[in-house]
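Participant: predicted coordinates and the sequence they were generated for:
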Amino acid sequence: MGIAEKIKEIEQEMARTQKNKATEYHLGLLKAKLARYRAQLLEPTTKSGPAGTGFDVQKSGDARIALIGFPSVGKSTLLSKVTHTASETAAYEFTTLTAIPGVIEYKGARIQLLDLPGIVEGASQGRGRGRQVVATAKTADLIVIMLDATKSEEHRRLLEYELDAVGIRLNKTKPDVVFKRKTTGGITLNTTVKLTKTDEKTIRTILAGYKLHNCDVMIREDITTDEFIDVLLGNRKYIPCLYVYNKIDAISLEQLDKLARQPNSVVISCEMDLNLDYLIERMWDELELVKVYTKKRGAHPDLTDPVCLRKGATIEDVCNGIHRSLVTNFRYGLVWVGRLRRNRASY
């Protein structure tokens, strides 16, 4: 039996099992097995094809945004509009067969925008070049899921499921859990909050399922069983996400208002150039980039060419952003912190 068949068998068993206190431990083991099999399924296979093709796109610029969606939702059109990159566009599906990069220049930053091939149902199991799409999406600082405003919301749920199945957690934060392996001493489990979504017995059962018999676990958040499994695997990616609804010129004002009011959502029309400027502004806000301006002694700061960094960057990151040789000779630095709207540092 192949891995895909084992995954399907476990999913069917989980669907048949009633969720109650008596089955909680059994479901915990099934979820742990399912996570292991999915990780094995997406392990990289041997490389094939000529060099320079496929999804091996070098990360460049100050941040990377991945465009994900079903075929024929307008991703290629959006890339062409906001980056002036020539991308093949057509009314039929599967126009994009590889990752096509473009660059958005905004507020002094260079943001790489990747148009990835359309995802099909079953991408998490490797269908439709799903492995390559997922591997590239995990390197993004922001994921933009493009949807057709004229179609069912089921498309959004399917895309969320496919990404969640391969360990991409959209608009979520990493669970506040400290996990440390040991060589001896058994399992030490401490909690600082009351666990209402799982319990100690389930956690110990999952640890045994992963053959972890010596470790320290500190839980400082009311987590679920799935979140604890994510901590054990350690390869989950927590990435912000924007849901972009295209083709709003083809729906009613009532539908438009409903979509625009959903959390983390933006409504646009690529064909009519509606709301594209606002979309870029929302991308900038979600990336939470910090702009650092250099200043020579006795002169005013150079406000024309900032060094753009991700939130939480260090002085070393600033030095590398200017020139990598600067780190070895760096002794000290003077930092002035300014404030922009939403209390974000500007320099």
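Facilitator: Perfect, thanks for sending it.
Participant: report how many residues lie close to the closest residue in space to R220 that isn't next to it in sequence.
Facilitator: The shortest distance from R220 to any non-neighbouring residue, by C-beta to C-beta, 6 or more residues apart in numbering, is to D176 (4.3 Å). All C-beta spots, glycine's among them, are computed from the backbone N, C-alpha and C. D176 has 15 neighbouring residues, counting by other C-beta atoms under 10 Å.
Participant: and V103, its phi and psi?
Facilitator: Phi and psi for V103, reported as degrees, to the nearest 10, are phi -130, psi 130.
Participant: that one reaches T83, doesn't it?
Facilitator: Yes: using C-beta atoms under 8 Å, V103 is in contact with T83, at 5.7 Å.
Participant: if we can go back for a sec, in contact with the residue nearest to R220, which residues are there?
Facilitator: D176 makes contact with 219-221, 223 under the criterion C-beta atoms under 8 Å, 6 or more residues apart in numbering.
Participant: tell me the one of those residues nearest D277?
Facilitator: The shortest gap between D277 and any of those belongs to E221, at 38.0 Å (C-beta to C-beta).
Participant: which non-adjacent residue is nearest the closest one?
Facilitator: Nearest to E221 is D176, by C-beta to C-beta, 6+ apart, at 4.0 Å.
Participant: what about the one you found, distance to R204?
Facilitator: Per C-beta to C-beta, to the nearest Å, D176 is found 19 Å from R204.
Participant: can you say which two of the contacts of D176 are spatially most distant?
Facilitator: R220 and I223 (9.2 Å).
Participant: hey, what's in contact with both of those two?
Facilitator: 176-177.
Participant: between those two, tell me which one has more neighbours.
Facilitator: Between R220 and I223, I223 has the larger neighbour count (other C-beta under 10 Å), namely 22 against 13.
Participant: the closest residue to the more buried one other than its chain neighbours: neighbouring residues, count only.
Facilitator: In this structure, I223 finds its nearest non-sequential neighbour in P175, 4.9 Å apart by C-beta to C-beta, 6+ apart. Using other C-beta under 10 Å, P175 has 20 neighbouring residues.
Participant: going forward, begin numbering at 45 instead of 1
Facilitator: Got it, first residue is 45 now, which makes that one P219.
Participant: looking at it, P219 is touching E271, isn't it?
Facilitator: Yes: the pair P219 and E271 qualifies as a contact (C-beta under 8 Å) at a distance of 4.4 Å.
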